[in-house]
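Student: after the sequence you'll find the predicted model.
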Amino acid sequence: YLASVFFPIGSPKLIGWSLKPPNLDQIQLQVTPGDKTVAKGDDVMIEAVAMGFDPQRAIIHLRYSNGTEWETSTMEVTPQNVPTFRHLIFNVQEQIHYFVDADGRRSKEFTLDVADLPRVEKVNYTYHYPQYTGLAVKNEENASDMVAPKGTEVEVTVSGSQALSGGRIVFADNKS
């Protein structure tokens, strides 16, 4: 009784009393990325944030498209204000169904779909320098950085892993 007079907020928590029930609408497990399509071979970080409760651990359940059994793994805790758990899936090659369970609260089931997206395999540049430089046309294969005097015209040839219908070049200053 005396503790409740001197410590009105902390005493009930110390002895396990709750003055008002928790709002069940605020208790949830937010999971990202949720349903998503990723490129074949990508690494995917799955994150679960406990809202309104503080679980000791979170378990991720994974079922690959070529399997029938759920695999489980304890998620890694990340030090933040809100209880956050992470799990990294390396080199995704096939569809994965997953959900997260924390202190008996289960997220909905999500799906990671895999797409064999086109990749840039090779970039070639052909430099056409301004006349004042006196430089001849120069071809550069498997290039990465484009460096040329102002006024140079550059032909860019991109080879992809699949047939491409179009594309664009985005420069370091986000101009394209």
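Tutor: Perfect, thanks for sending it. Residues are numbered from 1 along each chain as shown.

Student: which residues of the protein fall in strands?
Tutor: Taking DSSP state E to define them, one finds strands in the chain at 28-32, 36-39, 44-51, 58-64, 71-74, 76-78, 84-89, 96-102, 105-106, 110-115, 120-128, 138-140, 153-160.

Student: switch those over to a markdown table; also include mean neighbour count.
Tutor: For every residue, glycine as well, the C-beta is placed using N, CA and C. Shown next, in a markdown table, are those (neighbours: other CB atoms under 10 Å):
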| stretch | mean neighbour count |
| --- | --- |
| strand 28-32 | 17 |
| strand 36-39 | 14 |
| strand 44-51 | 18 |
| strand 58-64 | 19 |
| strand 71-74 | 11 |
| strand 76-78 | 13 |
| strand 84-89 | 17 |
| strand 96-102 | 20 |
| strand 105-106 | 14 |
| strand 110-115 | 16 |
| strand 120-128 | 15 |
| strand 138-140 | 13 |
| strand 153-160 | 12 |
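
Student: in JSON lines, list those along with distance to Ser176.
Tutor: Shown next, in JSON lines, are the strands of the chain (distance: least, CB to CB, whole Å):
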{"stretch": "strand 28-32", "distance to Ser176": "28"}
{"stretch": "strand 36-39", "distance to Ser176": "21"}
{"stretch": "strand 44-51", "distance to Ser176": "27"}
{"stretch": "strand 58-64", "distance to Ser176": "37"}
{"stretch": "strand 71-74", "distance to Ser176": "40"}
{"stretch": "strand 76-78", "distance to Ser176": "35"}
{"stretch": "strand 84-89", "distance to Ser176": "31"}
{"stretch": "strand 96-102", "distance to Ser176": "33"}
{"stretch": "strand 105-106", "distance to Ser176": "43"}
{"stretch": "strand 110-115", "distance to Ser176": "23"}
{"stretch": "strand 120-128", "distance to Ser176": "15"}
{"stretch": "strand 138-140", "distance to Ser176": "21"}
{"stretch": "strand 153-160", "distance to Ser176": "12"}
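
Student: which residue packs closest to Arg57, ignoring adjacent ones?
Tutor: Among residues not flanking Arg57 along the chain, Thr74 sits closest, at 5.7 Å (CB to CB, 6 or more residues apart in numbering).

Student: for Tyr125, give me its contacts.
Tutor: Residues in contact with Tyr125 (CB atoms under 8 Å, 6 or more residues apart in numbering) are Asn139, Glu140, Ala143, Met146, Val154, Glu155, Val156, Thr157.

Student: mind checking how far the closest residue to Thr32 other than its chain neighbours is from Lys40?
Tutor: Leaving aside its chain neighbours, Thr32 sits nearest to Glu47 (5.0 Å; criterion: CB to CB, 6+ apart). Per CB to CB, to the nearest Å, Glu47 is found 22 Å from Lys40.
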